[in-house]
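A.B. asks: This is the structure alone, sequence omitted:
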């Protein structure tokens, strides 16, 4: 597997923009920091609405009381973070030149997750948004 930087053509209309070319190693390192930050912030929050929380092998799973689930994971092939939400559906985040993960429409990963979480778990309004951004 080549570690040379490259831009990826995903064929998806919902990705693109100011994404940066990254090596596979850079992708894993940057994605790991971001997902770990979200996991640790949520784990420390002790929200009553969170029934189960896990982060393993690049997949963050947040199961809420009532059965709703968020899944945020590294997608190795496209070098994106894929996001599945019971609120906003599926979104795809690319690493930007400013080192943030954003959709084509400039939505930042941590902000998107926190906004969605607040909609299904109102107690999450008390969380510090800055802790969800790597």
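C.D. replies: Okay, I see it. What you see is a predicted model, and the numbers here were worked out from it, not measured in a lab.
A.B. asks: I figured residue 65 hits residue 52, correct?
C.D. replies: No - taking C-beta atoms under 8 Å as the definition, residue 65 is not a contact partner of residue 52, at 9.7 Å. C-beta here means a position set from N, CA and C on the backbone, and glycine is covered the same way.
A.B. asks: More neighbours: which of those two?
C.D. replies: Between residue 65 and residue 52, counted using other C-beta atoms under 10 Å, the more crowded position is residue 65 (13 against 10).
A.B. asks: wait, what's in contact with that one?
C.D. replies: Under the criterion of C-beta atoms under 8 Å, 6 or more residues apart in numbering, the neighbours of residue 65 are 48, 49, 50, 51.
A.B. asks: ditto for residue 88
C.D. replies: By C-beta under 8 Å, 6+ apart, the residues touching residue 88 are 112, 116.
A.B. asks: Got phi/psi on it?
C.D. replies: Dihedral angles of residue 88 (phi, psi; degrees, to the nearest 10) stand at phi -100, psi 0.
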